[in-house]
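> could you look at this predicted model? Sequence included:
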Amino acid sequence: MNVANEALGGHGPHAHHDGGPHGHGGAHAPTYKQYITGFVLAIVLTIIPFALVIDHVMTDVLVVIAVCAAMQMVVHVVYFLHLNRSQEQQWNRMALIYVLIMIFIVIGGSLWIMYSLDSRMMPGMMHYHVWK
Amino acid sequence: MSNGTAAMQEGALALKPGYAAAGTVEPRELHAQVDAGAEPHHDTASTIQLGFWLYLMSDCLLFAGLFATYAVLHGHTAGGPTARQLFDLPYTLTETMFLLVSSFTCGLATLAMNADRKQATLGWLAVTFVLGLGFVSMEVHEFAHMVAIGATASRSAFLSCFFTLVGTHGLHVTCGLIFMAVMMVAVAKKGLTPTNRGRLNCLMLFWHFLDIIWVGVFSLVYLSGVVH
């Protein structure tokens, strides 16, 4: 019944039904449409970077790879993990935002510090064969 | 004799009002019990879901550390094999498709579960399990091949962090497979009970989460590695 209701109601951010004592499914009963949309988008966003790199279509594809990866992660979170704007998932969103900030600090900070360290070292010492 | 039966009847009659009284109270009590049972249960289920979500987020931080390490050290090959020499992209693409399709079939298992279809749930879980097993087998095969040609974790900083990052992900997928096998037995034995549903929901979250991490792995490690 949940599934049927949801299928009719679409999967917009307001499609959730809160309250109501359903023992399972909770506020985010997913639909076929959601999974199929997510699956197709994920396939497309996987094929694009692989095709570009395998066929050497472009010389600088790093930006495309990064954009496709970020988009695919969003697709997974929205269509597979069903994170939406419902009140019930407020703390899930808060936790995710916190983690995104931490990831940004950890990865961005590491790269910033380590590459800065590399560039401050004497020219010649930057090459990794010194560690041989 | 007749006295005795009369007394018994009287006793029965005397008892009846008591039963009747209990009968009038009972529905209300029952209702209260159902309410009391349903509400905390609903709360418990969503609390467990949130708790599991927090675990996934902390797992994200673990992977963030490994991704950061890889991003810093990926060029430190120490004269050993480089990413471009080691990685075979069509192979990785196949691996990726295994995991992506398994994520989709895992979603179909969720839908079957929500529709109260036990056999369909078990069927889709089995398909997901086989696809997940295919992914892990391909990864083990890839690792074995790399070790065989001398590209071991101790060869260079690049390979150390490669094996740590990709291996940690593979270990997570393996744990997910064990979790899935246990849940398949539990559902087969006890059916789609509220407890099993809650656990299955956690399993689904975990499985989709692993696919998200893999998107980061194939983008940063394999694709970027070959481009560099």
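That came in fine, so what should we check first?

> can you pull out the low-pLDDT segments for chain A?
For chain A, applying pLDDT under 70 flags the ranges A:1-28, A:58, A:122-132.

> same check on chain B?
B:1-42.

> please enumerate the strands of it.
In chain B, no segments count as strands under DSSP state E.

> close to chain B, is stretch A:61-72?
Yes: shown here: stretch A:61-72 in contact with chain B (Cβ under 8 Å from any Cβ of the partner chain) through A:61-62, A:65-66, A:68-69, A:72. Placement of C-beta: from N, CA and C, glycine included.

> ranking those by neighbours, who comes first?
Counting neighbours by other Cβ atoms under 10 Å in any protein chain shown, residue A:72 leads the residues of stretch A:61-72 next to chain B with 26 neighbours.

> name the helix or strand for that residue, please.
Element membership of residue A:72, judged by DSSP states H and E, is helix A:62-75.

> dump that helix to PDB, keeping only the CA atoms.
Taking Å, rounded to 0.1, in the frame of the first residue of the first chain, the C-alpha atoms of helix A:62-75 are listed here in PDB:
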ATOM      1  CA  LEU A  62      40.100  15.100 -14.400                       C
ATOM      2  CA  VAL A  63      37.500  17.700 -14.100                       C
ATOM      3  CA  VAL A  64      34.900  15.500 -15.900                       C
ATOM      4  CA  ILE A  65      35.800  12.600 -13.700                       C
ATOM      5  CA  ALA A  66      35.400  14.700 -10.500                       C
ATOM      6  CA  VAL A  67      32.100  16.200 -11.700                       C
ATOM      7  CA  CYS A  68      30.600  12.800 -12.700                       C
ATOM      8  CA  ALA A  69      31.800  11.200  -9.400                       C
ATOM      9  CA  ALA A  70      30.200  14.000  -7.400                       C
ATOM     10  CA  MET A  71      27.000  13.800  -9.400                       C
ATOM     11  CA  GLN A  72      26.800  10.100  -9.100                       C
ATOM     12  CA  MET A  73      27.300  10.300  -5.300                       C
ATOM     13  CA  VAL A  74      24.400  12.700  -5.100                       C
ATOM     14  CA  VAL A  75      22.300  10.400  -7.300                       C
END
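
> and the helix or strand that it is followed by, what's buried?
Under the assignment DSSP H and E, the closest C-terminal helix or strand after helix A:62-75 is helix A:90-103. By 16 or more other Cβ atoms under 10 Å in any protein chain shown, the buried positions in helix A:90-103 come out as A:92, A:95-96, A:99, A:102-103.

> what's next to helix A:90-103, contact-wise?
A:77, A:83, A:85, B:50, B:53-54, B:57-58, B:60-61, B:64 (Cβ atoms under 8 Å, 6 or more residues apart in numbering or on different chains).

> can you turn the buried part of those into a ChimeraX selection?
Only the buried entries of those go into this ChimeraX selection, using 16+ other Cβ under 10 Å:
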select /A:77,83 /B:50,53,57,60,64
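
> out of the contacts of helix A:90-103, the closest to residue B:220 would be?
residue B:64 (11.5 Å; Cβ to Cβ).

> tell me which residues touch the closest one, please.
A:99, A:102-103, A:106-107.

> over to residue B:159?
B:77, B:80-81, B:146, B:151-153.

> for chain A, longest helix please?
For chain A, the longest helix by residue count, based on DSSP state H, is helix A:32-55.

> neighbours around the closest residue in space to residue B:66 that isn't next to it in sequence, how many?
Nearest non-adjacent residue to residue B:66, counting by Cβ to Cβ, 6 or more residues apart in numbering or on different chains: residue B:165, 4.4 Å away. Other residues within reach of residue B:165, judged by other Cβ under 10 Å, total 23.

> need the contact list for residue B:165.
By Cβ under 8 Å, 6+ apart, the contact set of residue B:165 is B:63, B:66-67, B:69-70, B:217, B:221.

> I'd like those as TSV, with neighbour count appended.
Below are the contacts of residue B:165 laid out as TSV (neighbours: other Cβ atoms under 10 Å in any protein chain shown):
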residue	neighbour count
B:63	20
B:66	20
B:67	22
B:69	19
B:70	25
B:217	26
B:221	22
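
> show me which pair in those residues is furthest apart.
B:69 and B:217, at 13.1 Å, using Cβ to Cβ across the contacts of residue B:165.

> coming back round to it: closest one of the contacts of residue B:165 to chain A?
Nearest to chain A among the contacts of residue B:165, counting by Cβ to the nearest Cβ, is residue B:67 at 5.9 Å.

> the helices in chain B, which residues?
B:2-73, B:83-86, B:89-114, B:118-148, B:157-190, B:194-217, B:224-227.

> closest one to residue A:29 among those helices?
Using Cβ to Cβ, these put helix B:89-114 closest to residue A:29, at 5.7 Å.

> tell me which residues in that closest one are buried?
Those would be B:89, B:92-93, B:95-114, for helix B:89-114 by 16+ other Cβ under 10 Å.
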